Every structure is written in C-alpha cells, then in structure tokens.
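Student: Prediction below, plus the sequence it came from.
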Amino acid sequence: ERLQTAVPFRFERRDKTFRKTHNNNLFYKKQYIATMADNKLRCVVVLRLESSGSTMIAKYDHAGKTETSSGSKLYGDSDKDFATAIQEAVAKDPPGSGGNGFGGFKVVQSDIHQLVYGSDESGICVAVITGTRYPSRVAIKMLQELYTQFQDRFGGDAAMAPTNSLTKKAKELLSGECKKYEDPSNVDKAQKVMGQVDSVKGQMQDNIAGMLKNTERAESLAEKSDQLNEQASVFKKKAVDLKKQMRWKNLKMTIILVLVIIGAILIIVVPLVVKK
C-alpha cells in the first residue's frame, strides 16, 4: 500500500523510501537523508478523526523553528508542510482502537523519518514526526502526556473545533512539550544510559586510537634509532679505515724521509772516505 500525501513528500510502506516529487519526477534527496536521519523532533499535530476524513485542529512545526537551509525551511513552505503530510498519512492508515483511553499507537518509518500516532475512542488523534533515530517509546510517552494535557485544557472545544482553530491557543502547550522531549535522554532513563554508554564507547575508541598512534610513533622512533645505530656503525668502520690509511701514509712518509737522510749522509761521507 502506498500512502501518498498532498505535499511534495511521500511515505512508501512497501520499500520504505522517502522521496520528493517535483515536476512529476521522483528523485532521491541525499542532502535530506544526511541531514534528517537523526533523533530530532519535526512536527506535532492534533487531529479529529471522522468518518469522512480528519480535521487538523492544532499543529506546531518544531523543525521550522530551529532548522533552515539557505533561508528557507527544510520541510516545506507555508503552502506545503509536514503537518499536511501527517494528516494525509494518518487518514490512509488510521490508528487502532484506543479502547477506553488513548492508545492504538502506530509507527510508520521511512529511510529518514518515523511517524508515531495514536487516538482515543472519540477520534482525537495526536501525532508526531521525528528522525528515525528518535526512540519510538519516547515518542509514545510524549504523545500520552500531550494528549492528557490537551484534553484537560481544550477537551471541551476539540469535539467541534474547526480547522486550525486551536493552533494558537495550544501553541504554548505544543511547543513546551516539544522542547521538553527535544532531547530523548532528558526524559528517558534508558536513552540516557545509552547516551552515556555511547559516550564511554566513543572515549574508549579515542583512547585506543591514541594508543595506536603512540605505538606507531614508538615504532617510528625505534626504526629511526636502528637507522642511527646503523649509520653510527658505518661511520665507525669508515673512521677505522681512515685511521689505518693515515697510519700507513705516515709510515711511508717516515720511511721516505729516513731514506733521504741516509742518502744525503752517504753522498757526503763517501767522497771523504775515497780521498783518504
């Protein structure tokens, strides 16, 4: 089944890909994948499900408040936003029966997003879209808390509220919940522990990398030391050879000098002896 929205974003249940349609052509947006496959909140909406469809009675675009790209929103403009995409996706695949309370949760994932939503028996549906790394259990906890507070404040108006009529009134509530649950580790002990584990893991990896780097440096120093020892041995051998050469040269000079002196003496003494 393919759940197609009215905005230029598409959830596909079969191959679980998320594409952007432009001029009737589908193409992958690698930039979106690299940017949005994270653990951030995008948008939260409150819908009233009816037999003929659904009515969006309140919405809050949390991503549009914090993330921009080249001066424009990453997730659409004033005419095309995630809230509309959520509404159409929920209409195509409504949540299960909540029984006597809020429940019937469903989680629909694409390569870079997940949509989490649930409803009560009267058809009040609360939905949130996040990055795929956002824990779904934390998203469900957020929806449960948001539903309770929304019903306490606006439950009487929600049954008959026109489209977006409660958006401004509920803005403080919706934005407050988004801010509270923006970092999953602040509201989920398991996620906090996982974050600490990841931090320790990263530190250990850094330490191991440092040890390997130090080992490489030690090996490099040892190699340089061996090279210096080899060079010293060569220098010593050359010095010994040079010393032998100089000693032999000095010996030859001494022998030549002695022979010259003896020759001079003979030249002087022999004529004197002959005259006598």
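Tutor: Yep, it's here.
Student: The stretch 1-150 of the chain: strands as residue ranges?
Tutor: The residue ranges that make up the strands of the stretch 1-150 of the chain, judged by DSSP state E, counting those that start in this stretch, are 2-4, 10-12, 18-22, 25-27, 41-50, 53-61, 68-69, 72-73, 103-109, 113-119, 124-131.
Student: Looking at strand pairing, list the partners for residue 49.
Tutor: Listed by DSSP bridges, the beta-bridge partners for residue 49 are residue 54.
Student: Contacts only, for it.
Tutor: 90, 94, 119, 123-125 (C-beta atoms under 8 Å, 6 or more residues apart in numbering). C-beta here means a position set from N, CA and C on the backbone, and glycine is covered the same way.
Student: Quick check: the gap between it and residue 57.
Tutor: The gap separating residue 49 from residue 57 is 11 Å, by C-beta to C-beta, to the nearest Å.
Student: in the stretch 1-150 of the chain, what spans have low per-residue confidence?
Tutor: Regions of the stretch 1-150 of the chain meeting the criterion pLDDT under 70 cover residues 1-37, 65-80, 98-99.
Student: that older thread, I'd like the contacts of residue 49 as CSV, with distance to residue 165 and neighbour count appended.
Tutor: What follows is the contacts of residue 49, written out as CSV (distance: C-beta to C-beta, whole Å; neighbours: other C-beta atoms under 10 Å):
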residue, distance to residue 165, neighbour count
90, 19, 23
94, 22, 16
119, 19, 27
123, 16, 18
124, 14, 22
125, 16, 28
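Student: tell me, how many neighbours does residue 178 end up with?
Tutor: A total of 22 residues lie near residue 178 under the criterion other C-beta atoms under 10 Å.
Student: what's the helix or strand for it?
Tutor: helix 171-180 (DSSP states H and E).
Student: separation between residue 177 and residue 249?
Tutor: In terms of C-beta to C-beta, residue 177 sits 97 Å off from residue 249.
Student: More neighbours: these two, which one.
Tutor: Here residue 177 and residue 249 are compared on neighbour count by other C-beta under 10 Å; more neighbours surround residue 177, at 23 against 10.
Student: Please list all residues in contact with residue 178.
Tutor: For residue 178, the residues meeting the contact criterion (C-beta under 8 Å, 6+ apart) are 41, 44, 60, 62.
Student: Pick out the most distant pair among the residues you listed.
Tutor: Of all pairs drawn from the contacts of residue 178, the one with the largest separation by C-beta to C-beta is 41 and 60; the distance is 9.7 Å.
Student: and the nearest residue to residue 60 once chain neighbours are set aside, how many neighbours does it have?
Tutor: Spatially, and ignoring its direct neighbours in sequence, residue 60 is nearest to residue 174 (3.6 Å; C-beta to C-beta, 6 or more residues apart in numbering). The local packing count at residue 174 equals 26, with neighbours defined by other C-beta under 10 Å.
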